[in-house]
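[1] Below is the sequence, then the predicted model.
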Protein chains: 2
Amino acid sequence: MTDINNASAVPSLPTMKIYDWYDGPYPARVRIALAEKGLLSEVEFIPVNLWKGEHKKPEFLAINYSGTLPVLALNDGTLIAECTAITQYLDVLDDNPVLTGVTPVEKGVIHMMTKRAEIEFLDAVSVYFHHATAGLGPEVELYQNAEWGKKLREKAIRGMHYFDGVLRSQPYIAGNTFSMADIAVTGGMIFSALVSLSVPDECRALKAWYANIQRRPSYQQWQALVEAGRPVFNP
Amino acid sequence: MTDINNASAVPSLPTMKIYDWYDGPYPARVRIALAEKGLLSEVEFIPVNLWKGEHKKPEFLAINYSGTLPVLALNDGTLIAECTAITQYLDVLDDNPVLTGVTPVEKGVIHMMTKRAEIEFLDAVSVYFHHATAGLGPEVELYQNAEWGKKLREKAIRGMHYFDGVLRSQPYIAGNTFSMADIAVTGGMIFSALVSLSVPDECRALKAWYANIQRRPSYQQWQALVEAGRPVFNP
């Protein structure tokens, strides 16, 4: 991994490992958060192959009961799963939160909008992918409910319209400042692209916001990591 | 509402209203958090009748796009939905967090376990209720997917076993201290009781933990509020 950040402001960091998969939309949320915090080079990434279902195997379920990526492992044995929780941890490490808010209201609103981004958009796209498409393949998708998956596809598109509305009156998802909530919606945009779920043309504010996000160094560092981390497939 | 708390340590609080329903499991999470923080008497509760589907009407969707309770409304117009976000806000109001952690690791682990309590237990019970039982009735439950509801019932029971395992090695859900994560699992226990989903006998650590939770003043204050808030039904 190239040294594309500057962590000089953070003394004596704990050793951090992250179990993830190089181009996963949820892993992207934490990798972008790491880039925003200048912590990318502090982390060792341990690949867990989603397409082989390694995240559903007993060895990994012992690390994260929910069988999802990413998971942060600290050198004292502490394991932190869930993107919001990992981001919350990373953001306060240096006592200088830039993603999760400073005032009580900022903290509350950012957590609300992050959760809303999950339930109304990112998680809905994920359910669509895992239930109403081939998902990760028959070896991994042991139970599918196609009707539910299609229903959640509709929900995700409604979610795009909702966030478009939000962005017509403010520059970022949780207000005037970039935050963890923007990263969560970015996860939804990344997942939508992977499953060919197009953003409706009329969602102009959402598209303009995303163009802006994609110009951020953190997004570009994430893209570079994806390219660098892409496994060489042997057909 | 009786004055069952002491907010003298919190000067010049903003006026707070909470849209909720007196015995809802998610509203319970915020009411218990308020009691833990000594803030119950600072809040005006505005009833939104779940059984009449008032939470799915356009007027309420303008308050919370997701159509869920509870929602916190501040006097400057700020609206905060989602239990975790509301609890995060309330807990740092007095700069003395007792529910969401002080150190970065505490914050991360508490947010992880709270989310896990939702996806593996509380939200799973909710999906079971809304999809595989009569739920809030045919006027409100406009779409049901019974197969998905039954699947999530199984997930909730697995979740009980998981949290039982957690509680065999530590006194509280996120470690050695009561936190927001305990309140989230409590929401799951409250919802399970409402839908007659029994905790398996072998989950002895979970049952012992819950007996302990039910002895806390915050739980008892919540119970008293439920009794005091129960509407008089005119048959």
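    Yep, that arrived.
[2] what helix or strand is the spatially most central residue of chain A on?
    Nearest to the centroid of the C-alpha atoms of chain A, with distances taken as C-alpha atoms, centre = their mean, sits A:R29, at 2.5 Å. In this structure, A:R29 sits in helix A:25-36 according to DSSP states H and E.
[3] quick one: the lengthiest helix in chain A to helix B:146-169, angle?
    Counting residues, the longest helix found in chain A (DSSP state H) is helix A:146-169. On the basis of axes from the mean of the first three to the mean of the last three C-alpha atoms, to 10 degrees, helix A:146-169 is oriented at 80 degrees to helix B:146-169.
[4] Residues of chain A that sit close to chain B?
    A:65-66, A:72, A:74, A:78, A:80-82, A:84-86, A:88-90, A:92-93, A:104-105, A:107-112, A:115-116, A:119-120, A:143, A:145, A:147-148, A:151, A:162 (C-beta under 8 Å from any C-beta of the partner chain). Glycine gets a C-beta too; all of them are placed from N, C-alpha and C.
[5] swap the cut-off to 6 Å and go again
    A:65, A:78, A:80-82, A:84-85, A:88-89, A:92-93, A:104-105, A:107-108, A:111-112, A:115, A:145, A:148, A:162 (C-beta under 6 Å from any C-beta of the partner chain).
[6] Where does pLDDT dip in chain A?
    Chain A contains residues with pLDDT under 70 at A:1-14, A:233-235.
[7] Can you show me the strands along it?
    For chain A, strands defined by DSSP state E occupy the ranges A:16-20, A:43-47, A:71-74, A:79-81.
[8] one step back: are any of the residues of chain A next to chain B buried, and which?
    A:65, A:80-82, A:84-85, A:88-89, A:92-93, A:104-105, A:107-108, A:111-112, A:115, A:145, A:148, A:162 (16 or more other C-beta atoms under 10 Å in any protein chain shown).
[9] what about the residue nearest to A:T15 when sequence neighbours are not counted, neighbour count?
    Counting by C-beta to C-beta, 6 or more residues apart in numbering or on different chains, A:N75 is the residue found nearest to A:T15 once chain neighbours are left out, at 4.0 Å. A:N75 has 9 neighbours, counted by other C-beta atoms under 10 Å in any protein chain shown.
[10] Tell me how far A:N75 lies from B:V105.
    Per C-beta to C-beta, to the nearest Å, A:N75 is found 12 Å from B:V105.
[11] Over to A:R215?
    Per C-beta to C-beta, A:R215 is found 33 Å from B:V105.
[12] Same question for A:W222.
    Per C-beta to C-beta, A:W222 is found 25 Å from B:V105.
[13] partners of the nearest residue to A:L69 once chain neighbours are set aside in the sheet?
    Closest residue to A:L69 apart from its sequence neighbours, by C-beta to C-beta, 6+ apart: A:D20 at 4.8 Å. Beta-bridge partners recorded for A:D20 (DSSP bridges): A:P47.
[14] got the contact list for A:D20?
    Residues counted as contacts of A:D20 (C-beta atoms under 6 Å, 6 or more residues apart in numbering or on different chains) are A:27, A:69-70.
[15] how about a markdown table for these, with neighbour count added?
    A markdown table is the format used below for the contacts of A:D20 (neighbours: other C-beta atoms under 10 Å in any protein chain shown):
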| residue | neighbour count |
| --- | --- |
| A:P27 | 29 |
| A:L69 | 24 |
| A:P70 | 26 |
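[16] Quick check: helices, which of the residues of chain A next to chain B are part of them?
    Counting by DSSP H, the part of these found in helices is A:84-85, A:88-89, A:92, A:104-105, A:107-108, A:111-112, A:115, A:148, A:162.
[17] now, among these, which is nearest to A:T15?
    A:Y89 (14.1 Å; C-beta to C-beta).
[18] Just to check, the closest one is in contact with B:G108?
    Yes: if you go by C-beta atoms under 6 Å, A:Y89 and B:G108 touch, sitting 3.1 Å apart.
[19] Return every residue with contacts to both of these two.
    Common contact partners of A:Y89 and B:G108 (C-beta under 6 Å, 6+ apart): A:I80.
[20] Report how many residues lie close to the residue lying closest to A:I46 once chain neighbours are set aside.
    Closest residue to A:I46 apart from its sequence neighbours, by C-beta to C-beta, 6+ apart: A:Y19 at 4.9 Å. Residues lying near A:Y19 (other C-beta under 10 Å) number 21.
[21] My guess is A:Y19 contacts A:L50. True?
    No: using C-beta under 6 Å, A:Y19 is not in contact with A:L50, being 11.1 Å away.
[22] CA atoms only: put the helix holding A:R29 into CSV for me.
    Only the C-alpha atoms of helix A:25-36 are listed here, as CSV (Å, rounded to 0.1, in the frame of the first residue of the first chain):
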residue,chain,number,x,y,z
PRO,A,25,-19.4,-1.1,-0.4
TYR,A,26,-19.4,-1.4,3.4
PRO,A,27,-15.6,-1.8,3.5
ALA,A,28,-15.5,1.4,1.3
ARG,A,29,-17.2,3.3,4.1
VAL,A,30,-14.5,2.6,6.6
ARG,A,31,-11.7,3.0,4.0
ILE,A,32,-13.0,6.4,3.1
ALA,A,33,-13.3,7.3,6.8
LEU,A,34,-9.7,6.2,7.3
ALA,A,35,-8.6,8.4,4.4
GLU,A,36,-10.5,11.4,5.8
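[23] Which strands and helices lie in contact with that helix?
    Applying 3 or more C-beta pairs under 6 Å, 6 or more residues apart in numbering or on different chains; DSSP states H and E, we find helix A:25-36 packed against helix A:83-92, helix A:180-194, helix A:217-229.
[24] Taking helix A:83-92 as reference, get the angle to that helix.
    10 degrees.
[25] Show me how far helix A:25-36 is from its chain's centre.
    Chain-centre distance of helix A:25-36: 6 Å, with C-alpha atoms, centre = their mean, to the nearest Å.
[26] okay, the ones in helices among the residues of chain A next to chain B in JSON lines with distance to B:V226 next?
    Converted to JSON lines, these look like this (distance: C-beta to C-beta, whole Å):
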{"residue": "A:T84", "distance to B:V226": "30"}
{"residue": "A:A85", "distance to B:V226": "30"}
{"residue": "A:Q88", "distance to B:V226": "31"}
{"residue": "A:Y89", "distance to B:V226": "35"}
{"residue": "A:V92", "distance to B:V226": "35"}
{"residue": "A:P104", "distance to B:V226": "27"}
{"residue": "A:V105", "distance to B:V226": "29"}
{"residue": "A:K107", "distance to B:V226": "28"}
{"residue": "A:G108", "distance to B:V226": "25"}
{"residue": "A:H111", "distance to B:V226": "26"}
{"residue": "A:M112", "distance to B:V226": "25"}
{"residue": "A:K115", "distance to B:V226": "25"}
{"residue": "A:W148", "distance to B:V226": "33"}
{"residue": "A:Y162", "distance to B:V226": "33"}
